[in-house]
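Student: take a look and give me a structure for this.
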Amino acid sequence: MSENANLKDDDFVDFSKLVDSAEKFEYEMPRWLLNDNVYDQEWLASKVAVDIDYYRKNKNKALKINFKRKISDVEYLTDAINEPLLKDIMHSLLYLDARGKITRPLRAKSILVAITDLIKHVNEVRQKDSKLLVRGLDQIKLDELKGFIMDYNTQPHVFAAALKIIDLNSSSSSKIDWIKIKNELNLTTRSLLSLQHSLKKYYKSNPFENDDSAYKEDHSVTKKWNAPTRVREFQSANTIDFDIDTDLWPSEKTISNIISLLEAVYTARASQKYKFVHSPAALFSNGGTLFDSMKPSIKTPVMPTFSYLHSISTSLKFARKYGYAIRQHLSELAKNELQKVDNSDVYCSSSSLQEEVFKETALPVVLKELNITSWCDDNLVCFSQFRQEMSMAVALRLYVASIYILVAGFVASRVTSMRSLKRNCFVQSPIDGHFDLILRIPKTSERIELENVHRPIPDLIFDYGLEFALLNNVLEERRGFIVDETEQFLFGGFLSHTSFKAHGTEFAQSRVGPLSNDYINGCLDLFADWSSSPLINGKRWYPRSHQYRRTFAVLYFNMTDNTGLEELSWFLGHADLEQTFHYAEVSPSSEWIDCVIP
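Tutor: Below you'll find the predicted structure:
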């Protein structure tokens, strides 16, 4: 098959010039790359939905693609002896970008991780057999490639042996000695990672007795929110119980992804001096030739209807009742702080002064219902305890969650689109006077740029959204940081509770990006507990952003008696109706239909 057989008309690549570039190892700089030299050991790249110019000014915020990755126990890819490997991998990424096969920098990072993980796996096996390490992509053998992919599977006897080791040596899931397990069972790093995944899922369904991590959030935001670690009030209802008969199987999606990533390296062999000679896709298809059984892909869970409606109704109540008062109180606090001292750097850096001003400033009557007792005191442990008392920082996180839920619940946008909402996203149509939200969604080319689209929203969401946008301005002005709201995010960094404590221009510059997914998830967890979201068999549904999108689709599809597919497809921004039907259709036996409040 010719090298250009897979090129599409929209790739816009002069293949003869590309082949010439590959032979000379000369490539144009990818437009998402911020480095001056493509041979830097760490590439800095722009991120989707954020203007590239922002990252040119704030390179510390850019996506980092680090080539200094371990490829054996004692060597890195960037070591001098591994230069042939490093150059071929770099050239592969540049070649794939030039061909239009890499359209986003995260894809480049994923390919780098996949090929270096493969090399590390091969070297681990070779070290055990006292064989020479891999020095070129051409030295990777077929059975070594196959063994790497096969190690995504966990054998039942290995799983059982690991359970015995853990029972004898660990008192909680957070104290498992993974190195001991790896050594005693003679596992590769890849097989250990697969085993870890299975065991962690097992212990979610079967926690240790008195395990203090049983209800902890399953994302890293807890590490950023001051000790002690915050925990959910209940176990999550949004967790499928572990099934040993199926959960040790590799996932169809995982195997398909790793084969696709390694296939990209094979596709780029024209750019390699020491060519990667195996086509994983031709050899293993989507993994069906390797595994007798694989776990099928699971759709995004549909939220129980009562959980979905409860979160929206309580969010509406919070925004209506407390939104304006929170903004006014924060504005009053900022004025009183300025009256205390003349130097903003001083007052912003003094937490004791902030607390003093908070106690001297009268709290709006309506906010007294929230039992706000401090400016930024985070000594409480469980999210549910914030129902008794909270700080202004916690109140702000609840406000963030409420607006996020309202937008996600009514607009059903993707996570990337939610995070990239600009502060001026709420608009009124000059044609019909109705209200719209301006979303940024991926272009059909799947390239890094996003395009703006309008989606209708209720007038209440418009009003509450504008009020929330004004809050952002108050928080920025408090730091003396004046920005163009057309360039700033609706869910921006100044909303973080850390902005209540930090100070200075450098801090202000670091807040202009959007809040992280982890931070948003932490706010959603907090809101679910604080608002006493209904329980399901003693557990609570802790929603995620994309679940609002899918639940909206399912509700709309069913409430229109399956006749609203075309408008739903437009609303969701899907490429075709088949994708929308697959997304919105639920099985007649689905728990979503049968689920009732206990």
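Student: tell me how far the residue nearest the centre of the chain lies from Tyr54.
Tutor: In the chain, the residue lying closest to the centroid (C-alpha atoms, centre = their mean) is Asn517, at 5.1 Å. Distance, Asn517 to Tyr54, using C-beta to C-beta, to the nearest Å: 19 Å. Every C-beta, even on glycine, is put in place using the N, C-alpha and C of the backbone.
Student: now do the strands in the stretch 451-598 of the chain.
Tutor: For the stretch 451-598 of the chain, strands defined by DSSP state E, counting those that start in this stretch occupy the ranges 535-536, 539-540.
Student: heading C-terminal from the helix or strand of the chain with the lowest mean pLDDT, find the next helix or strand.
Tutor: Within the chain, no helix or strand scores below helix 221-224, which has a mean of 37 by mean pLDDT, DSSP states H and E. Counting by DSSP states H and E, the next helix or strand C-terminal to helix 221-224 is helix 252-267.
Student: residues in contact with that following helix?
Tutor: Contact partners of helix 252-267, identified using C-beta atoms under 8 Å, 6 or more residues apart in numbering, comprise 6, 89, 92, 96, 99, 101-102, 110-111, 113-115, 118, 137, 145, 149, 152, 276-281, 284, 286-287, 290-291, 294-297.
Student: mind redoing it with 6 Å?
Tutor: Contacting residues not belonging to helix 252-267 are listed as 92, 96, 110-111, 114-115, 276, 279-281, 284, 286-287, 294, 296-297 [C-beta atoms under 6 Å, 6 or more residues apart in numbering].
Student: what packs against the very next helix or strand once past it?
Tutor: Moving toward the C-terminus from helix 252-267, the next helix or strand (DSSP H and E) is helix 280-284. Other elements packing on helix 280-284 under the criterion 3 or more C-beta pairs under 6 Å, 6 or more residues apart in numbering; DSSP states H and E are helix 252-267.
Student: now the helix it packs on, how far from the centre of its chain.
Tutor: 21 Å (C-alpha atoms, centre = their mean, to the nearest Å).
Student: and stretch 94-105, by the same measure?
Tutor: 22 Å.
Student: from the contact counts, what lies against the host helix or strand of Val394?
Tutor: Using DSSP H and E, the element containing Val394 is helix 392-411. When contacts are defined as 3+ C-beta pairs under 6 Å, 6+ apart, helix 392-411 packs onto helix 305-340, helix 459-478, helix 517-530, helix 545-559.
Student: just want the angle from that helix to helix 459-478.
Tutor: With axes from the mean of the first three to the mean of the last three C-alpha atoms, to 10 degrees as the basis, helix 392-411 and helix 459-478 are set at 140 degrees to each other.
Student: avg pLDDT for helix 392-411?
Tutor: The predicted model gives helix 392-411 an average pLDDT of 94.
Student: could you do stretch 151-163 as well?
Tutor: Stretch 151-163 comes out at a mean pLDDT of 95.
Student: same thing with stretch 582-589?
Tutor: For stretch 582-589, the per-residue pLDDT averages 70.
Student: count of neighbours near Ile179?
Tutor: Neighbours of Ile179 under the rule other C-beta atoms under 10 Å: 9.
Student: now what about the helix or strand where it lies, what contacts it?
Tutor: Element membership for Ile179, per DSSP H and E: helix 178-185. Contacts to helix 178-185, defined as C-beta under 6 Å, 6+ apart, come from residues 161-162, 165, 192.
Student: now do stretch 272-280
Tutor: Here stretch 272-280 makes contact (C-beta under 6 Å, 6+ apart) with 84, 88, 136-138, 142, 145, 259, 262-263, 265-266, 269.
Student: let's see the PyMOL selection covering just the buried ones among these.
Tutor: In PyMOL, a selection of the buried entries from those looks like this (16 or more other C-beta atoms under 10 Å):
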select buried, resi 84+88+137+138+145+259+262+263+265+266+269
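Student: excluding its backbone neighbours, what's nearest Tyr274?
Tutor: Once flanking residues are discounted, Tyr274 sits nearest to Gly136: 3.3 Å by C-beta to C-beta, 6 or more residues apart in numbering.
Student: pretty sure that neighbour contacts Glu83?
Tutor: No - using C-beta atoms under 6 Å, Gly136 is not in contact with Glu83, being 10.4 Å away.
Student: what about the stretch 1-150 of the chain, any weak spots by pLDDT?
Tutor: The stretch 1-150 of the chain contains residues with pLDDT under 70 at 1-26, 49.
Student: still on that earlier bit, quick check, distance from the helix holding Ile179 to the centre of its chain.
Tutor: 30 Å.
Student: could you do stretch 369-376 as well?
Tutor: 30 Å.
Student: in helices, which of the contacts of helix 178-185 appear?
Tutor: 161-162, 165, 192 (DSSP state H).
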